[in-house]
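Asker: only geometry, no sequence info:
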């Protein structure tokens, strides 16, 4: 199987976000592979081990994203590709990222493309389906189980309060939901091997794209943190007194009744 995995560099889930002048501050922040993308990487490795083939991880970003690609290689991926947009793309959105990825993938004869269901920073869940649409292949989102018998693919996908079973064929793009598998931690031998695995770096020019082609369709007007929540209040006294005080607070302070 010729498998590609789309990964994104995101803030560490433990990182405290700071905003200044309408922009998220990245200086000194820790970054990781988007957690949902780790499920995609793990599933790709398992499928390769079972059916043969090769796993290539791909990201769109700047030079710093090489660290996350090396992590995916240490997990067991075979090759990595960094499409470096540092000098060519000032602003980007889901349209930009999907266009670049689809342009790269269009002649790769991918049997299967995996991506995370959403990125924990933007949370739009658009890039995977947009790539599939541009490539003209089927797409199944939020998958929690994937079985391939050499011909047909049987997928279980997560739905609100339920699940759905789908049968389809390759080529295919799927997005991974939590519960699909348990992503492995890179082992020390894996980390050492990752240093010698191929990591190709491309630019927009290498994909026959111009800067005008990848201009975002979305304009970010402002970025700000939600207002700080007021401290909670513990009511004391008899239950009847607490109920009366609560009703008074809801009416006079919160003004919700």
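Answerer: Now that the structure is in, tell me what you want to look at. Note that the coordinates shown come from a computational prediction; the quantities given were computed from them, not determined experimentally. Residues are numbered from 1 along each chain as shown.
Asker: could you say what helices and strands the helix or strand residue 73 falls within packs with?
Answerer: Using DSSP states H and E, residue 73 falls within helix 66-75. Contacts defined by 3 or more C-beta pairs under 8 Å, 6 or more residues apart in numbering; DSSP states H and E place helix 66-75 against strand 31-33, helix 35-51, strand 54-61, strand 79-84, helix 188-194, strand 199-203. Backbone N, C-alpha and C define where each C-beta goes, glycine included.
Asker: So which of these is the most surrounded?
Answerer: strand 54-61 (a mean of 23; mean count of other C-beta atoms under 10 Å).
Asker: How far does that strand sit from its chain's centre?
Answerer: 12 Å (C-alpha atoms, centre = their mean, to the nearest Å).
Asker: hang on, the earlier thing: relative to strand 199-203, how tilted is the helix holding residue 73?
Answerer: Helix 66-75 runs at 150 degrees relative to strand 199-203, counting by axes from the mean of the first three to the mean of the last three C-alpha atoms, to 10 degrees.
Asker: For helix 66-75, list every residue counted as buried.
Answerer: Buried residues in helix 66-75, counting neighbours by 16 or more other C-beta atoms under 10 Å, are found at 66, 68-75.
Asker: need the longest strand for this structure.
Answerer: strand 138-148 (DSSP state E).
Asker: roughly how far is that strand from the heart of the chain?
Answerer: Centroid separation between strand 138-148 and its chain, computed with C-alpha atoms, centre = their mean, is 15 Å.
Asker: One more: stretch 76-95?
Answerer: Taking C-alpha atoms, centre = their mean, the mean C-alpha location of stretch 76-95 is offset from the chain mean by 13 Å.
Asker: Compute the first-to-last residue distance for it.
Answerer: For stretch 76-95, the first-to-last residue distance is 29 Å (C-alpha to C-alpha, to the nearest Å).
Asker: Equivalent analysis for stretch 76-94, please.
Answerer: Using C-alpha to C-alpha, the two ends of stretch 76-94 sit 27 Å apart.
Asker: The residue nearest to residue 180 when sequence neighbours are not counted and residue 29: what is the separation?
Answerer: Closest residue in space to residue 180, ignoring its immediate chain neighbours: residue 39 at 4.7 Å, by C-beta to C-beta, 6 or more residues apart in numbering. Counting by C-beta to C-beta, to the nearest Å, the separation of residue 39 from residue 29 is 23 Å.
Asker: Repeat that for residue 252.
Answerer: Where residue 29 is concerned, residue 252 sits at a distance of 42 Å (C-beta to C-beta).
Asker: more crowded one of these two?
Answerer: residue 29 (13 against 9; other C-beta atoms under 10 Å).
Asker: Tell me if I'm right that the more buried one and residue 9 touch.
Answerer: No. With contact defined as C-beta atoms under 8 Å, residue 29 does not reach residue 9; the gap is 10.9 Å.
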